[in-house]
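Q: Structure here, sequence nowhere to be found:
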């Protein structure tokens, strides 16, 4: 039951039953936020892809997770129809009630299907998987966005994807009041477009290709798996593998991204209630 004194978060699980660290990270960040803000924070998880579950508009914020598989193959599916009906309803609510906007954070797979559905960029399969702790470069707008402005340039984040967003439709993004915030590492020796890594769609909707919910503990466990260790060494070399593990201990890399992006998203979503909390 939802009450007026609660902050209510809907977590949209797009992992389709596949074991992952993403949902653990999202839950952990919400629980840490609750402990820090001294407000009653409740969250509910919705199994979007397996059960076609979507929340209603009674929630204050929505975090939509990453997930496996192709962001192209689900086009027209039941879960997508229900999912984008929700997204349209949130946008309409925000238009009708600008004083009490509901905020949406889209991570990885969610970001990809969102860009595809609304025609905000080209979704395509990468020539090879991108996986590991990677630098992410901010655009001019990214330097000033409240979620990223205190992070280094490049900021560091966990990247895990077989697909990418390129050729962003700048005109359509700007018409919504948005901007491209981050792009992938510049590789002058590779004749490929740089993928988009984050877009602010408007003042309440933001999406990112990387995983801001990834923490050092979870990523270390992931990298120590034999299959992931073998993959990284085969693709990037043994030095790169040990460098990734070293980066996990660096407070200026994914630890900083983890402690900044999602907590700031939640602070922005609930800033009116937070401002009324006695200091």
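A: Received, thanks. Everything numeric in this text was worked out from a predicted model, so none of it was measured.
Q: Only C-alpha atoms from now on, for both contacts and neighbour counts.
A: Noted.
Q: All the helices of the stretch 51-200 of the chain, in order from the start?
A: Applying DSSP state H, counting those that start in this stretch to the stretch 51-200 of the chain gives helices spanning 78-96, 109-117, 140-144, 170-175.
Q: hmm, who's touching the third one?
A: The set of residues that contact helix 140-144 without belonging to it, under CA atoms under 8 Å, 6 or more residues apart in numbering, is 148-149, 179-182.
Q: tell me which residues in that helix are buried?
A: Buried positions in helix 140-144, judged by neighbour count with 16 or more other CA atoms under 10 Å: 141-143.
Q: quick check, distance from that helix to the centre of its chain.
A: 17 Å (CA atoms, centre = their mean, to the nearest Å).
Q: got it, and the last one?
A: Relative to its chain's centre, helix 170-175 lies at 20 Å (CA atoms, centre = their mean).
Q: ends of stretch 15-30, how far apart?
A: This stretch, stretch 15-30, spans 18 Å end to end (CA to CA, to the nearest Å).
Q: Just give me the closest of the contacts of helix 140-144 to residue 136.
A: residue 182 (6.5 Å; CA to CA).
Q: For the closest one, give me the pLDDT.
A: Residue 182 carries a pLDDT score of 97 in this model.
Q: same thing with residue 91?
A: 97.
Q: Next: residue 229.
A: pLDDT, residue 229: 86.
Q: Which residue, other than its chain neighbours, is closest to it?
A: Spatial nearest neighbour of residue 229, excluding adjacent residues (CA to CA, 6 or more residues apart in numbering): residue 223 at 5.7 Å.
Q: ok, back up a step: please render the helices of the stretch 51-200 of the chain as a markdown table that adds distance to residue 34 to the earlier fields.
A: Listed next are the helices of the stretch 51-200 of the chain as a markdown table, based on distance: least, CA to CA, whole Å:
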| stretch | distance to residue 34 |
| --- | --- |
| helix 78-96 | 24 |
| helix 109-117 | 24 |
| helix 140-144 | 26 |
| helix 170-175 | 33 |
